[in-house]
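**Q** Sequence plus predicted model, see below.
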2 protein chains.
Amino acid sequence: MLSNELTKLLKIDYPIIQAPMAGGVTSAELVAAVSNAGGLGMIGAGYLSPEQLRAEIHHVRGLTKRKFGVNLFVPSEYSVDEQKINQSKAYLRPMEQELGIEDHAPDLSNYLQDVETFQEMVEIMLEEHIPVCSFTFGIPSKKIRTKLKENASIIMGTATTVQEAILNQEAGMDAVVVQGSEAGGHRGTFAGDARHSLIGLMSLIPQTADQISIPIIAAGGIMDARGLLAAQCLGAQGVQMGTAFLVCKESGANPLHKNAILEAAEDQVVLTKAFSGKMAQGINNRFIEKLQHVEAELPDYPLQNDLTKAIRKAAAASENREYISLWSGQSPRLAKGQTVNELIRNIISEIEKAKIGI
Amino acid sequence: MLSNELTKLLKIDYPIIQAPMAGGVTSAELVAAVSNAGGLGMIGAGYLSPEQLRAEIHHVRGLTKRKFGVNLFVPSEYSVDEQKINQSKAYLRPMEQELGIEDHAPDLSNYLQDVETFQEMVEIMLEEHIPVCSFTFGIPSKKIRTKLKENASIIMGTATTVQEAILNQEAGMDAVVVQGSEAGGHRGTFAGDARHSLIGLMSLIPQTADQISIPIIAAGGIMDARGLLAAQCLGAQGVQMGTAFLVCKESGANPLHKNAILEAAEDQVVLTKAFSGKMAQGINNRFIEKLQHVEAELPDYPLQNDLTKAIRKAAAASENREYISLWSGQSPRLAKGQTVNELIRNIISEIEKAKIGI
């Protein structure tokens, strides 16, 4: 169904949401193109500063009059383990040398204030009256939820298990993104062990649909009309697509990243904690392989993310895909380098042809 | 679609295949009930002797006049590493003592003749004119494939990646079961690394459908009409269901196993090599937890399978679910203790209600 409870709730034409990928992928051009084509564009603000977020919102508003959303990472507890930090530095140093990076003290101070930054980001979402606010890595406090709802924002959470979906509903979230094990990028797991929360959508959607009544948005490996139809058969109302939009012409992803996806097969996509300290899925490369046997010794997210920043930056500058994160879902063979409008129009015309009766 | 190329090929009413679960689950009563209800019952012969296989075939033939199938494990290379065998014995010994098992020399000699046994099993399939012969853990030799086809058997293989599905088509298999990461029991991976072949069906089906033309049968987490419809939307013609049939009244699974599934949530299902030396999915228990940190040190399949036999047998006898394998797909919340007929009738009536137009 192209029109349902979810499209009414979000005030969009089609139940297609662009995943809020952080790290520069969700350019204002991408977000606006998705909303202009009838879906919901989302700013992935997880790594933005409050100033950058406000500028991005204004930039998107200059390109579309339609609804769009913003996603924030909910700060989670982590331990600062000096031994693990030093161990990680020792593992990373030879790679830094290979890339010509001078010895340096990584700045880990940012994250001491991340709860404060999160509050500032929420204030911006309130001031800017963002229509759809979504959250990953946890559920925001009752105070924040209430303020956003009073401000007429729709709030959405992320779940990787049935229990996490139930927690989202209990917290009064308006809809929940269920992230299957097919999904690229970071695992959203917040109430369990990430290794036991890798549930394929064929299992995750119907089991969740039997337990909650808020709309379910399926995320993971969905790239075309087949995936949207299948997700709806299983009990979701809509889909959130990341990789499919990442390879679009309007996305801000590094061309190295886009090409890596366009050339990859599904069995080159692997799970790793090496880049950030939190489990995430992407295309295998030398960085992941070098650290795969020591993942348990690496510091928590976001510390490891800071420690690997210099390597990722230098590798991007020298167009070296072996040392940047190449996040991708498990369906890279379905990726096409189209425009956002082509992608969405193709899905809609395929669905109209299928004339599905459910 | 309830009637399609696959149902014509297999000469069955509905595109529903009962997964050939080994180890006593596929009782003659289960196999016959599935075929009698319009699906395809399958004998899981992976651990049977040639004599047992022949007896099972005769038993099933006494209970149904309909088509049914037999699945064999294709023998694969493994190394006999004395150090790993001794290491495994040392890990298992305290558990054996806990279960009152006397010190014993495990019989590892069976597997020295497994290629020979496999040939004998194939001969039985030829003599008995088995309508559908399926294979896991590899593709049988050209000689065997030709003989079976000349004997009017339909032959099917198992794939966990697109590449494995292509290899099946190239070998002239009539259809291929694509096993998603949602599937319970052993991973069928034979041409890649099992850790990189855990692809969710939402990704695996459409990527495979784009590359091969033989019918695709989707396996993994499918328990009801929603899963069958979704699999067809993605490009499969039918489904192979394991866990859904395992919990049926007619199945030969241990009641401890059935109850464990009926009580489980999706995040209790884990991957382990501890029981057999080959990666498999099931409900977590003490045995899996005790060995999870030493899995890399365990001997290959089928050696580890033999080493753990005494523990599994003693635990079953004393109704201790902590030391038996509780194979399950990722959808245990969808399991119901119904009869086979109820399960299949419910799926068909739901699909007729959905009036899907694809």
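**A** Nice, thanks for sending it over.
**Q** and A:Thr136, what does it touch?
**A** By Cβ atoms under 8 Å, 6 or more residues apart in numbering or on different chains, the contact list for A:Thr136 reads A:Pro20, A:Gly46, A:Asn71, A:Leu72, A:Phe73, A:Val74, A:Thr158, A:His186, A:Gly188. No exception for glycine: its C-beta is placed from N, CA and C like everyone else's.
**Q** gap between it and chain B?
**A** Separation of A:Thr136 from chain B (Cβ to the nearest Cβ, to the nearest Å) stands at 18 Å.
**Q** For that residue, what are phi and psi?
**A** phi -130, psi 150 (degrees, to the nearest 10).
**Q** Show me what it is bridged to.
**A** With DSSP bridges as the criterion, A:Thr136 is bridged to A:Phe73.
**Q** where does chain A dip in pLDDT?
**A** A:107, A:109-113, A:355-358 (pLDDT under 70).
**Q** By residue count, tell me the biggest helix in it.
**A** Counting by DSSP state H, the longest helix found in chain A is helix A:82-98.
**Q** which parts of it are buried?
**A** A:Lys84, A:Ile85, A:Ser88, A:Tyr91, A:Leu92, A:Met95, A:Glu96 (16 or more other Cβ atoms under 10 Å in any protein chain shown).
**Q** Kindly report the same for stretch A:73-84.
**A** Result for stretch A:73-84 [16+ other Cβ under 10 Å]: buried residues A:Phe73, A:Val74, A:Pro75, A:Tyr78, A:Lys84.
**Q** JSON lines please, covering those and showing distance to A:Ile324.
**A** Below are these laid out as JSON lines (distance: Cβ to Cβ, whole Å):
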{"residue": "A:Phe73", "distance to A:Ile324": "20"}
{"residue": "A:Val74", "distance to A:Ile324": "26"}
{"residue": "A:Pro75", "distance to A:Ile324": "25"}
{"residue": "A:Tyr78", "distance to A:Ile324": "23"}
{"residue": "A:Lys84", "distance to A:Ile324": "23"}
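**Q** Among these, which one sits closest to A:Val162?
**A** Of all the buried residues of stretch A:73-84, the one with the least separation from A:Val162 (Cβ to Cβ) is A:Val74, at 19.6 Å.
**Q** Run through the residues that contact the closest one.
**A** A:Phe118, A:Phe135, A:Thr136, A:Phe137, A:Gly138, A:Ile139, A:Pro140, A:Phe190.
**Q** Tell me which residues touch the second one, please.
**A** By Cβ under 8 Å, 6+ apart, the residues touching A:Phe135 are A:Asn71, A:Leu72, A:Phe73, A:Val74, A:Ile155, A:Met156, A:Gly157, A:Thr158.
**Q** That one and chain B: what is the separation?
**A** 20 Å.
**Q** got it, and the first one?
**A** From A:Phe118 across to chain B, the span is 27 Å (Cβ to the nearest Cβ).
**Q** For that residue, which non-adjacent residue is spatially closest?
**A** With sequence-adjacent residues excluded and distances taken as Cβ to Cβ, 6 or more residues apart in numbering or on different chains, A:Phe118 is closest to A:Pro75, at 5.2 Å.
**Q** Give me the three-state assignment for the one you found.
**A** Per DSSP: H, G, I helix; E, B strand; the rest coil, the secondary structure class of A:Pro75 is coil.
**Q** so it makes contact with A:Val115?
**A** Yes: between A:Pro75 and A:Val115 there is a contact at 5.0 Å, judged by Cβ atoms under 8 Å.
**Q** Common neighbours of those two, please.
**A** Contacts common to A:Pro75 and A:Val115, judged by Cβ under 8 Å, 6+ apart, are absent.
**Q** Adding distance to B:Lys278, write the contacts of A:Val74 out as JSON lines.
**A** JSON lines is the format used below for the contacts of A:Val74 (distance: Cβ to Cβ, whole Å):
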{"residue": "A:Phe118", "distance to B:Lys278": "45"}
{"residue": "A:Phe135", "distance to B:Lys278": "39"}
{"residue": "A:Thr136", "distance to B:Lys278": "35"}
{"residue": "A:Phe137", "distance to B:Lys278": "34"}
{"residue": "A:Gly138", "distance to B:Lys278": "37"}
{"residue": "A:Ile139", "distance to B:Lys278": "39"}
{"residue": "A:Pro140", "distance to B:Lys278": "43"}
{"residue": "A:Phe190", "distance to B:Lys278": "32"}
